[in-house]
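Engineer: can you look at this prediction? I've put the sequence above it.
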Amino acid sequence: MTGFGAATASAKGLTVRAELRSVNHRHLLVKLRLPADSAALEPRVEASVRKGLARGSVTVHVHLTREGNAAAACIDADVARSYRDQLRVLGKKLGLDSEVRLAELLPLPGVVSSREGSTEPGRMEKLVLRAVGDALQDLIGMREMEGEAMARDLQRNATAIERSVKRIAARMPKVVEHHRRQLTKRVKILLGSESSVNPGDLAREVALLSDRLDVSEELIRLEAHLGQLSKLLTKGGNVGRKLDFLAQEFFREANTVGSKCSDARVAHEVVELKTHIERLREQVQNVE
């Protein structure tokens with residue numbers, strides 16, 4: 001299912017923005033794009049997404065923004081002094097000016113750091129998980145709206161399938177009667193007008209023919225599948241895989257009906273039946 005969710009969480013100069021995008025996928029595939037300094041949170045972020053979703057290809061973007069704060073800066077004088085002394089010694093060895101300016105020392109690693117460095121990881125973790133959780137709820141809300149529209153479309157296809165099943169069931173007695181008449185006619189042509197057909201033999205052949213054409217079990221199972229489909233759509237929740245399995249069963253029964261009966265009108269109804277089953281199958285691939 002498709003959807004988008006975004007949320008922002010901030011505290012003490014640190015702002016986290018999380019964006020989640022999902023597209024259709026038979027399984028749940030989570031792609032994470034987190035800043036390098038929050039890469040350790042990937043397992044917890046993915047677990048949070050998997051707890052809320054069951055299907056879809058989901059991409060998670062997390063952006064961090066830090067506000068400048070001079071009060072939070074800390075200059076390590078010992079590190080700066082060590083750099084200065086080493087640079088003076090190096091200058092004397094190379095015969096260069098050994099005067100070291102403060103502006104040259106400040107960019108060196110370790111000279112300037114944050115006083116809050118020890119507490120920032122914990123705060124960042126809370127903000128990232130909060131932003132991802134809020135964005136996930138936003139995404140779920142959008143997917144639920146899409147799910148309602150998909151449920152209505154699934155119900156329309158289910159109604160069309162039910163109508164086809166009823167038309168096939170109503171047609172089958174006429175199909176059997178038509179084949180009985182055709183069988184009687186062919187037998188008379190083969191035996192000639194002077195020979196008579198034993199009614200018992202003819203009845204037995206008609207019974208065998210009716211058995212070969214009988215699709216009542218398949219139609220009953222199709223009706224049962226429709227009932228199960230209706231229950232799943234009413235129940236809600238994570239029913240996508242069950243609906244996928246039902247769609248396969250619909251196809252199995254429809255194929256059997258088509259193979260058993262050679263009647264033109266029934267064949268036409270089977271085509272209609274398969275068309276709506278295919279539409280249903282395509283839709284349930286995207287249902288959570």
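Structural biologist: Everything's here; your move. Since the structure is predicted, the reported quantities are computational estimates derived from the model, not experimental observations.
Engineer: state the mean pLDDT of stretch 144-152.
Structural biologist: Averaging pLDDT along stretch 144-152 gives 83.
Engineer: list the buried residues for that stretch?
Structural biologist: Residues of stretch 144-152 classed as buried: 147, 150, 151 (neighbour count, 16 or more other C-beta atoms under 10 Å). Bear in mind the C-beta positions are built from the backbone N, C-alpha and C, glycine included.
Engineer: how about CSV for the residues you listed, with secondary structure and distance to residue 170 added?
Structural biologist: Formatted as CSV, those follow (DSSP: H, G, I helix; E, B strand; the rest coil; distance: C-beta to C-beta, whole Å):
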residue, secondary structure, distance to residue 170
147, helix, 35
150, helix, 31
151, helix, 29
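Engineer: wait, which of these is closest to residue 10?
Structural biologist: residue 147 (31.7 Å; C-beta to C-beta).
Engineer: my guess is the closest one contacts residue 286, does it?
Structural biologist: No: when contacts are counted by C-beta atoms under 8 Å, residue 147 is not listed as touching residue 286 (9.1 Å).
Engineer: now residue 32, what's its secondary structure?
Structural biologist: strand (DSSP: H, G, I helix; E, B strand; the rest coil).
Engineer: beta-bridge partners for it, please?
Structural biologist: Beta-bridge pairing for residue 32 (DSSP bridges): residue 60.
Engineer: confirm for me that it is in contact with residue 45.
Structural biologist: Yes: in terms of C-beta under 8 Å, residue 32 counts as a neighbour of residue 45; the distance is 6.1 Å.
Engineer: pull out the buried residues from the helix or strand harbouring residue 82.
Structural biologist: Here residue 82 sits within helix 77-94, counting by DSSP states H and E. Within helix 77-94, the residues scored as buried using 16+ other C-beta under 10 Å are 79, 80, 83, 84, 87.
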